[in-house]
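# my questions concern the predicted model and sequence given below.
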Amino acid sequence: MVDLAQLAEPGSPDELLVRRLDLDRLPRHVAVIMDGNGRWATARGLSRVEGHRAGVEAVRDTIEASAQLGLEVLTLYAFSVENWKRPRHEIWTLMNLLKTYLRKELDSLVENDIRLGVLGRWRELDGSVVRALENALERTSDCGGLRLNIALNYSGRSEIVDACRRIVTDWASGGRADIDEATLDRYLYTAELPDPDLLIRTSGEMRLSNFLLWQVAYAEISIIDTLWPDFRRSDLFRAILEYQGRQRRFGGLEDRSGSSAAGAESDSRRA
Ligand code: FPP
């Protein structure tokens, strides 16, 4: 049950936005490419890492609002395999921001029943980051509310390669089976999770940047001009409103968006 007063201050512009949402037809899985931290900082005469620092508040508000709204899955793209090309200091800062975030917010994640997931080759990260992630995964493993995925050392192509490797390994140990789409799904980092219904990218860039390439096959895409550090729950609500105004046909002729909404039945809501 969504607690409106928690989600938005009574009488605020956010509350007006939330009231326009069809809560029976929310996306089950929202994925976000958080982009524009560097530009945000440069525009203010700050170093790029200040943009990442400011981006943490946007991360916090987005996670909190997603949990309060009752979304099933939120996936945030925090560090790609390609991001290793950045200066060492920037990479170091990003890893430290992640560790600090986990240290400060872990209790609150548990209190809010948020279960952490990590997508990517994250075990190749620095040992201190791996340990912080393992601890957070363990502490939140019994949480049954929002599933919060952080994509770290992630690449959509590598994910598919990793899935193929694991399939071949399983074959070699005698588990040979036909391969179909459902098989591959089970071997992805997102096994058992619904595909994203809505993919949000901030900063106006119109690229997928190697993010969830398999899973976004039928996602609705929302590109917004806001730079990530300025992103707040109001932007999330607006993206969901835009999503709810779209017709999802999955290659067919009728809107089937209700099929991805938890318990959504009503055609009248799909105007
Ligand atoms: C893209 O902006 C953003 C990133 C590569 C990092 C995102 C990380 C955070 C928001 C902070 C830490 C995350 C967590 C989960 C605590 P960019 O640097 O590519 O921006 P630009 O395109 O303007 O240069």
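Okay, I see it.
# quick one, strands of the chain?
In the chain, the strands defined using DSSP state E lie at 29-33, 73-80, 115-119, 147-154, 198-201, 220-223.
# can I get these in a markdown table with mean pLDDT, distance to the ligand and mean neighbour count?
For glycine as for every other residue, the C-beta is placed from the backbone atoms N, C-alpha and C. Output for those, formatted as a markdown table (pLDDT from 0 to 100; distance: least, CB to the nearest ligand atom, whole Å; neighbours: other CB atoms under 10 Å):
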| stretch | mean pLDDT | distance to the ligand | mean neighbour count |
| --- | --- | --- | --- |
| strand 29-33 | 98 | 8 | 25 |
| strand 73-80 | 98 | 4 | 23 |
| strand 115-119 | 98 | 10 | 21 |
| strand 147-154 | 98 | 5 | 24 |
| strand 198-201 | 98 | 10 | 26 |
| strand 220-223 | 98 | 14 | 19 |
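# with distance to Phe237 added, can I get those in a markdown table?
Output for the strands of the chain, formatted as a markdown table (distance: least, CB to CB, whole Å):
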| stretch | distance to Phe237 |
| --- | --- |
| strand 29-33 | 11 |
| strand 73-80 | 14 |
| strand 115-119 | 23 |
| strand 147-154 | 18 |
| strand 198-201 | 11 |
| strand 220-223 | 12 |
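# would you point out which residue is most central in this structure?
Nearest to the mean C-alpha position of the chain, by CA atoms, centre = their mean, lies Thr75 at 1.5 Å.
# just name the shakiest helix or strand of the protein by mean pLDDT.
helix 4-7 (a mean of 90; mean pLDDT, DSSP states H and E).
# that one packs against which elements?
For helix 4-7, the packing partners by 3 or more CB pairs under 8 Å, 6 or more residues apart in numbering; DSSP states H and E come out as helix 13-20, helix 48-69.
# give me the contact list for it.
10, 14-15, 18-19, 65, 68-69, 233 (CB atoms under 8 Å, 6 or more residues apart in numbering).
# what's Val73 in contact with, if anything?
28-30, 146-147, 149, 193-194, 196.
# how about the residue of the chain found nearest the ligand: what's its closest non-neighbour residue?
Across the chain, the shortest distance to the ligand (CB to the nearest ligand atom) belongs to Gly38, at 2.5 Å. What sits nearest to Gly38 in space, not counting adjacent residues and going by CB to CB, 6 or more residues apart in numbering, is Arg48, at 4.3 Å.
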